[in-house]
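Peer 1: take a look and give me a structure for this.
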Amino acid sequence: MSDEIFEKNMEEVFDIEPDEVSNVPEGGCAKRKDQLSDVSEDREKDYVYTRAELYRLIDQGQEAVQGALEVAQESGHPRAFEVATNAMKQVADMTDKLMDLQKKVKDLDEDKKGPSKVSINTMYCEKRLPVFTSKLPDYENYNKHMLDLIKQYREKFPEKETHTNLRAWRSQYDAHIKEERFEHLIDKCCDFATFVSKHMWDADLVYLPSAMWVGQYDKGEYARKHHHAPADWAVVYYIDVDENSSPIVFEDELIVKPENGMIVMFPGDLNHRVEPTNSPRTIAAMNLVKKLDIIEIEYTPNKDGISKE
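Peer 2: Have a look, this model is predicted:
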């Protein structure tokens, strides 16, 4: 694919007229409401919601573990290490529940369809992926709209997330649930992830948000080293930054300087941090996970349980 076509497609992906309702391309990211309302079975709706909640709890637990370990290492107190160990156990329990949820959904489908069917999940992404950046067209008007929206949101929901590596004000993880007007940005980021998957690996993947939040830094505030696993992608969108805003620094010292209107997307397990900033900054961020479909295949097992050609 040529650079010209890539840029043209990016403009189509990031058409950001607030009132426009765009058609969802084949293999693209469907609207959240459509994805729920189009599902006739309550089971799938509950599955999507529960899976997102478990991802959110795992995210919070991992941040709590990192914070507890830092306190334990600094203080050397046995109680601090006990707290860190308990936090690790809670994260492990949440991970087990996530795996158990996947198994139960699979078992229900197998019970319904009979023993001659096998349900599998397809996985496309490699372990280590590059960092992707892009820029929204006409971001000036859109960012003004986002700043007004965040101001309204903070007035309505002033409480901030306490279990976080961000040493600044940050909303809780469910901002996209509390404020539906954030869905427009979520759709654009999901479309971007879908486009990248298709462009880079020829994979037709659909993405959903497992968490979404907004943050506002004051001078001197920062984000400690952390990651967003088990999310497939972490995304940050820069709404109000300037030349004095600190860059985002990844674990291999890759540095990305923020610009207004810029989207930065990277693998969820990639460690990153933000040094103390020299000027205020406003961002929106989210974790994206693949929407996994059940694929049916016919096979005849032999006596060893291995399918025959």
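
Peer 1: from what I see, residue 208 and residue 183 are in contact.
Peer 2: No. Judged on Cβ atoms under 8 Å, residue 208 makes no contact with residue 183 at a distance of 11.6 Å. Just so you know, the C-beta spots here come from the backbone N, C-alpha and C atoms, and that holds for glycine as well.

Peer 1: neighbour count winner among those two?
Peer 2: residue 208 (22 against 17; other Cβ atoms under 10 Å).

Peer 1: now the residue nearest to that one when sequence neighbours are not counted: how far from residue 231?
Peer 2: Take residue 208 and drop its neighbours on the chain: the residue closest to it by Cβ to Cβ, 6 or more residues apart in numbering is residue 291, 5.2 Å away. Using Cβ to Cβ, to the nearest Å, one gets 13 Å for the distance from residue 291 to residue 231.

Peer 1: could you do residue 190 as well?
Peer 2: In terms of Cβ to Cβ, residue 190 sits 13 Å off from residue 231.

Peer 1: if you count surrounding residues, which of these two has more?
Peer 2: residue 190 (28 against 24).

Peer 1: now whichever strand or helix holds that one: buried residues?
Peer 2: Residue 190 belongs to helix 183-201 when assigned by DSSP states H and E. Within helix 183-201, the residues scored as buried using 16 or more other Cβ atoms under 10 Å are 183-198.

Peer 1: do stretch 165-182 as well
Peer 2: Buried, per 16+ other Cβ under 10 Å, within stretch 165-182: 165-166, 168-177, 179, 182.

Peer 1: repeat that for stretch 224-240.
Peer 2: Using 16+ other Cβ under 10 Å as the test for burial, stretch 224-240 gives 226-240.

Peer 1: ok, so of the residues you listed, who is nearest residue 136?
Peer 2: residue 237 (8.0 Å; Cβ to Cβ).

Peer 1: residues in contact with the closest residue to the closest one other than its chain neighbours?
Peer 2: With Cβ to Cβ, 6+ apart as the criterion, residue 237 has its nearest non-adjacent residue at 4.7 Å, and that residue is residue 284. Going by Cβ atoms under 8 Å, 6 or more residues apart in numbering, residue 284 touches 146, 150, 182, 185, 212, 213, 214, 215, 236, 237, 239.

Peer 1: also residue 211?
Peer 2: Contacts of residue 211 by Cβ under 8 Å, 6+ apart are 52, 55, 56, 59, 173, 174, 231, 286, 287.

Peer 1: mind telling me the two of these farthest from one another?
Peer 2: 174 and 231 (14.9 Å).

Peer 1: now the helix or strand that contains residue 57: mean pLDDT?
Peer 2: Residue 57 belongs to helix 42-75 when elements are defined using DSSP H and E. On average, the pLDDT along helix 42-75 is 71.

Peer 1: cool, stretch 133-144 as well?
Peer 2: According to the model, stretch 133-144 has a mean pLDDT of 92.

Peer 1: ok so, going back, of all the contacts of residue 284, which comes closest to residue 255?
Peer 2: Nearest member of those to residue 255, counting by Cβ to Cβ, is residue 236, at 14.1 Å.

Peer 1: so, low pLDDT: which residues of the stretch 201-309 of the chain?
Peer 2: 252, 294-295, 299, 302-309 (pLDDT under 70).

Peer 1: ok, now with 50
Peer 2: The stretch 201-309 of the chain contains residues with pLDDT under 50 at 308-309.

Peer 1: my guess is residue 57 contacts residue 87, does it?
Peer 2: No. Contact criterion Cβ under 8 Å: residue 57 and residue 87 do not qualify, at 11.9 Å.

Peer 1: just to revisit the earlier point, out of the buried residues of stretch 165-182, who's nearest residue 297?
Peer 2: For the buried residues of stretch 165-182, the nearest to residue 297 is residue 176 (34.7 Å; Cβ to Cβ).

Peer 1: quick check, the closest one in a helix?
Peer 2: Yes. Using DSSP: H, G, I helix; E, B strand; the rest coil, the assignment for residue 176 is a helix.

Peer 1: do you know how far it is from residue 168?
Peer 2: Counting by Cβ to Cβ - residue 176 and residue 168 are separated by 20 Å.

Peer 1: quick check: residue 166 touching residue 216?
Peer 2: No. Counting by Cβ under 8 Å, residue 166 stays clear of residue 216, with 9.9 Å between them.

Peer 1: hey, where'd the strands end up in the protein?
Peer 2: 117-120, 132-135, 166-167, 169-170, 207-217, 222-226, 233-240, 248-250, 255-256, 262-267, 272-274, 281-290, 295-298 (DSSP state E).

Peer 1: so which of these is nearest residue 64?
Peer 2: Once those are compared by Cβ to Cβ, strand 222-226 is nearest, at 11.2 Å.

Peer 1: how about residue 215, what does it touch?
Peer 2: 166, 168, 169, 170, 171, 282, 283, 284, 285.

Peer 1: how does it look with 6 Å?
Peer 2: For residue 215, the contacting residues are 166, 168, 170, 283, by Cβ atoms under 6 Å, 6 or more residues apart in numbering.
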